[in-house]
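Trainee: The sequence isn't on hand, but the structure is:
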């Protein structure tokens, strides 16, 4: 009589644990893929914004043609890039190019008086921030997922239902060295 | 511009360790608060038995069970009351008069920064509110992460740089992510209940004093009543102190969470300096809503003497801890 109850209790506990662990794995995986698609969205938005910014500043920044050309080229190769490694490198180069452009724009007070320019610059800034925050959140989510997929006993459930570890996104060296520019 | 310099000089475990320590402290404070509430209930139960028991045997038989019953009753009552407050929550917002929803067109940068912090936190974007006052301050509210709001004053928008504003919004997003409104509602309900019951006990005692002289538990009752009077006077004060301590811990936690999101303690440090310098009371902020703001809008506590009664930690302490995180 007593042993029956113990067995039933044990089965219920294991069943509950299975459900909770499985759901946790699903939500971690969704969180990670959601963060990943957020990165994609923001990268596309950046590609759309850059030609507009170059267009509005190019007359005023007549002496900076070289930088503007670099920005456009970096943008075009980022659009064309495929595969995580190539995309990563191209986007890092683009970030470096736009950062340089922003720094140079500081020297042109007439640009700062132009609402259109300021608006575009804010949009680009926030887009770049969102890219790096999505990446940060993606890495945090991945860490949670990977810990769970690899550690006992959750790894048994992960193996059963095909949950695998996902790769970390490394921050490229060129992007870490981004100089701080104050907008105000 | 502040492309947050991710992973630059900030060891990943720092804010995590700070958050863990903080959560543990909060938990202990909640245990203390619960103990005060249950202790009060037990004392009241004991006094009731001592006052009504007619024989020695009755006294011994009922003392402990009744005390335990009252302690549990008190706990249950505070649980129900908390449930009701949470169900009819989102009232906090109404307490902050003059906070109006700002559209994306009106405040594009503010909306952008809120979106950035929502991404960093992995939460839905909260509503964005603005209070038209020149005094810089900010608040967050919402009992659920899915239905929350962040509000800032006009003065805040005018006086901070982009990265400072990001630090402040990160702090508010930290309150939302850590469910602080819910936390403080629960704590507030328990503190209110302790105050109410203490008051009732004191009044009840002054009414019933003369009638219990011929009862068996007279001697014991007298001792218990003295205990109860002292406890009923001290409990509300102690509960209030615990409430303030929890509030301070949650501020530290939100600061650490902000750094987790922005990976840039400098922004928040700069903002806190400016905010504290300019902090003044403004219409819409009151004693009931003061703990929601990033710096206390009602009272200024800089001296250590009053630190126990502060809803927010002293600025120097907050900055010191932030600098520690960034080191």
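Mentor: Sure thing, it's come through. From a predicted model like this one, the values you see are computed outputs, not experimental measurements. Residues are numbered from 1 along each chain as shown, chains lettered A, B, ... in the order given.
Trainee: Check which helices and strands the lengthiest helix in chain B sits against.
Mentor: Counting residues, the longest helix found in chain B (DSSP state H) is helix B:218-262. Applying 3 or more CB pairs under 8 Å, 6 or more residues apart in numbering or on different chains; DSSP states H and E, we find helix B:218-262 packed against helix B:13-52, helix B:108-121, helix B:162-177, helix B:180-208, helix B:265-278, helix B:315-326. For the C-beta atoms, the positions are set from N, CA and C on the backbone; glycine is no exception.
Trainee: Can you read off the backbone torsions of the residue in chain A that chain B sits nearest to?
Mentor: Nearest residue of chain A to chain B, counting by CB to the nearest CB: residue A:126, 3.6 Å away. The phi and psi values for residue A:126, taken as degrees, to the nearest 10, are phi -70, psi -40.
Trainee: how close does it get to residue A:37?
Mentor: 18 Å (CB to CB, to the nearest Å).
Trainee: Which residues are in contact with the residue of chain A closest to chain B?
Mentor: Neighbouring residues of residue A:126 by CB atoms under 8 Å, 6 or more residues apart in numbering or on different chains: B:109, B:112-113, B:115-116.
Trainee: Among those, find me the one that's closest to chain A.
Mentor: residue B:112 (3.6 Å).
Trainee: which of the helices and strands packed on helix B:218-262 is buried the deepest?
Mentor: helix B:162-177 (a mean of 27; mean count of other CB atoms under 10 Å in any protein chain shown).
Trainee: Helix B:180-208 and that helix, what's the angle between them?
Mentor: Angle of helix B:162-177 versus helix B:180-208, following axes from the mean of the first three to the mean of the last three CA atoms, to 10 degrees, is 50 degrees.
Trainee: Give me the buried positions along stretch A:145-158.
Mentor: Across stretch A:145-158, burial judged by 16 or more other CB atoms under 10 Å in any protein chain shown covers A:145-146, A:148-149, A:154, A:157-158.
Trainee: Just the ones in helices from the residues you listed, please.
Mentor: Short answer: the buried residues of stretch A:145-158 in helices (DSSP H) are A:145-146, A:148-149, A:154, A:157-158.
Trainee: Pull the most distant pair out of these.
Mentor: A:146 and A:157 (14.6 Å; CB to CB).
Trainee: that older thread, let me have the ones in helices among the buried residues of stretch A:145-158 in JSON lines, adding pLDDT and distance to residue B:249 as columns.
Mentor: Below are these laid out as JSON lines (pLDDT from 0 to 100; distance: CB to CB, whole Å):
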{"residue": "A:145", "pLDDT": "84", "distance to residue B:249": "30"}
{"residue": "A:146", "pLDDT": "87", "distance to residue B:249": "31"}
{"residue": "A:148", "pLDDT": "84", "distance to residue B:249": "29"}
{"residue": "A:149", "pLDDT": "85", "distance to residue B:249": "33"}
{"residue": "A:154", "pLDDT": "81", "distance to residue B:249": "31"}
{"residue": "A:157", "pLDDT": "83", "distance to residue B:249": "36"}
{"residue": "A:158", "pLDDT": "83", "distance to residue B:249": "35"}
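Trainee: Can you add distance to residue A:111 and give those residues back as a markdown table?
Mentor: Below are these laid out as a markdown table (distance: CB to CB, whole Å):
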| residue | distance to residue A:111 |
| --- | --- |
| A:145 | 44 |
| A:146 | 45 |
| A:148 | 49 |
| A:149 | 49 |
| A:154 | 54 |
| A:157 | 56 |
| A:158 | 53 |
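Trainee: Tell me the secondary structure at residue B:129.
Mentor: With DSSP: H, G, I helix; E, B strand; the rest coil as the basis, residue B:129 sits in strand.
Trainee: And for the one 5 residues further on?
Mentor: When the structure is reduced to helix, strand and coil (three-state DSSP), residue B:134 reads as coil.
Trainee: which residues sit in contact with it?
Mentor: Contacts of residue B:134 (CB under 8 Å, 6+ apart): B:153-155, B:158.
Trainee: cool, and residue A:45?
Mentor: residue A:127.
Trainee: For it, identify the helix or strand it belongs to.
Mentor: Secondary structure from DSSP states H and E places residue A:45 in helix A:2-57.
Trainee: Would you tell me whether stretch B:142-155 gets close to chain A?
Mentor: No: if you take CB under 8 Å from any CB of the partner chain as the test, stretch B:142-155 misses chain A, and the best it gets is 13.3 Å.
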